[in-house]
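A.B. asks: for reference, the sequence and a predicted model appear below.
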2 protein chains.
Amino acid sequence: MQLHKRDVVEAATSLLDEYGIADLSMRRLARELDVTPGALYWHFANKQQLLGAVADRILQPVGTAEGDWRARIVGNCARLREALLSHTDGAELVSASFASGQSEAMSAVLAQLSAAATDAGVAPANADLAARTVVYYVLGFTADEQSRMQWDAAGADVVQSVWTENPSARFSFGLQLLVDGIAAHSRADA
Amino acid sequence: MQLHKRDVVEAATSLLDEYGIADLSMRRLARELDVTPGALYWHFANKQQLLGAVADRILQPVGTAEGDWRARIVGNCARLREALLSHTDGAELVSASFASGQSEAMSAVLAQLSAAATDAGVAPANADLAARTVVYYVLGFTADEQSRMQWDAAGADVVQSVWTENPSARFSFGLQLLVDGIAAHSRADA
DNA sequence: ACCTGAACACCGTTCAAGT
DNA sequence: ACCTGAACACCGTTCAAGT
């Protein structure tokens, strides 16, 4: 039976969820699909590209946010974080795909955030950087949060501090910092 | 002649500078030191720990910043970025070591930024998160900047846009956004 | 104490050849 | 067009045994 891109991405995602990013190898994935490693290279140029496709699948539920610029930034980021937390090592995988420019979905998120920053009054030349700053925060925070969560679930005694309790509130606080910065800067900018 | 931790870190750093993080393997490093791979495991528990030591070596020039809280944040970040840019894939390596909690130097930077945030009037419970947000920005921005630089140097025609021209000014803009956010938030907080 | 030899259990990628 | 077989050139880590 023919192998399709969708099946490969699907299998890769369940491998990720069950064993984590360290065990998501081309060879293991091929084994899971009852296929030779070389077969994957008919459908994907390399591992980076395949991981980019997995990232896009993970980010599918993010969609588009509505409302004023603040609501759109907060909404987008909340749903981005949620999507990342829904898969083992999701933040790490998406970070890598974002860094290598292999995730179209991340580009879409970036475009939405950039538009929101423009609406906030940030000069067009700086809107993209404001958007990226927000993305760096969400990816950094969530990767941190997720690695602590997973350590914890694995039974290690994580230092139970302000960090591990109420991560959603902490996420909001940090994000608010950026929103406030954008608001302040747009005034100085205008 | 005996192998010392310092020699290993030194050799690892020059391997990094010459060939990049992808070619910085335990086996290659051992070859460079005219030693068996197993020898490295007498001095370091694993590769992560060794990379952490390389990260600390890279971050040695960062030191401590003086002045009011704004100057300390801006100063620390500028010197952090400079240190990262001084080594091939420096931002990527330090990011990884920061994420795995293997860099004492990054913890020191975090502590300085956290103290600055506290001085700015951020509640102690939130100062660490404010500091982390700044670190996420510096690492994210610089990794991005560096990968574009290296692509460019490798002869690829990077999209010459607002991005590649005057990265220092762009870096300052994004950082100012965070500083403004901290300033705004400390008022709301107090 | 410090290192070698040798193994274990893997990797990503390529490509002629098959169907 | 799509996949196999087989190879190439590697990995990180462990550990008995040597000095």
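C.D. replies: Arrived safely, thanks for sending.

A.B. asks: quick test: name the residue nearest the centre of chain A.
C.D. replies: Taking CA atoms, centre = their mean as the criterion, A:V94 is the residue nearest the geometric centre of chain A, at 4.3 Å.

A.B. asks: next one: that residue from A:G75, what distance?
C.D. replies: 18 Å (CB to CB, to the nearest Å). Quick note: C-beta positions are derived from backbone N, CA and C, even for glycine.

A.B. asks: return the residues of chain A in contact with DNA strand D.
C.D. replies: Within chain A, the positions lying close to DNA strand D (CB under 7 Å from any atom of the strand) are A:2-3, A:34-39, A:42-43.

A.B. asks: go again with 6 Å.
C.D. replies: A:2-3, A:35-39, A:42 (CB under 6 Å from any atom of the strand).

A.B. asks: of those, select the buried ones using a ChimeraX command.
C.D. replies: To isolate the buried members of the residues of chain A next to DNA strand D in ChimeraX, using 16 or more other CB atoms under 10 Å in any protein chain shown:
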select /A:3,35
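
A.B. asks: check whether the helix-or-strand element of chain A with minimal mean pLDDT comes near chain B.
C.D. replies: Lowest on mean pLDDT, DSSP states H and E among the helices and strands of chain A sits helix A:167-189, with a mean of 89. Yes - judged by CB under 8 Å from any CB of the partner chain, helix A:167-189 comes into contact with chain B at A:170, A:173-174, A:176-185, A:188.

A.B. asks: get me the contact residues on chain A for DNA strand C.
C.D. replies: A:25-28, A:37-38, A:41, A:46-47.

A.B. asks: for those residues, pick the one with the most neighbours.
C.D. replies: For those, the largest neighbour count, defined by other CB atoms under 10 Å in any protein chain shown, is 17 neighbours, found at A:M26.

A.B. asks: I figured that residue hits A:G38, correct?
C.D. replies: No - taking contacts as CB atoms under 8 Å, A:M26 lies outside contact range of A:G38: 9.5 Å.

A.B. asks: tally of neighbours for A:L84?
C.D. replies: 26.

A.B. asks: enumerate every residue touching it.
C.D. replies: A:58, A:90-91, A:94, A:138-139, A:142, A:146 (CB atoms under 8 Å, 6 or more residues apart in numbering or on different chains).

A.B. asks: which one (most neighbours) among these?
C.D. replies: A:V94 (30 neighbours).

A.B. asks: helix or strand for that residue, which one?
C.D. replies: Counting by DSSP states H and E, the element that carries A:V94 is helix A:90-99.

A.B. asks: contacting residues around A:V122?
C.D. replies: Contacts of A:V122 by CB under 8 Å, 6+ apart are A:130, A:182, A:185-186, A:189.

A.B. asks: now stretch A:64-80: mean pLDDT?
C.D. replies: Averaged over stretch A:64-80, pLDDT sits at 98.

A.B. asks: which helix in chain A has the most residues?
C.D. replies: In chain A, assigned by DSSP state H, the helix with the most residues is helix A:124-153.

A.B. asks: give the buried residues for it.
C.D. replies: So helix A:124-153, judged by 16+ other CB under 10 Å, has buried residues A:126-149.

A.B. asks: neighbours around A:G174, how many?
C.D. replies: With other CB under 10 Å as criterion, A:G174 counts 22.

A.B. asks: for it, what are its contacts?
C.D. replies: A:137, A:141, B:129-130, B:132-133.

A.B. asks: run the last query once more with 6 Å
C.D. replies: For A:G174, the contacting residues are B:129, B:133, by CB atoms under 6 Å, 6 or more residues apart in numbering or on different chains.
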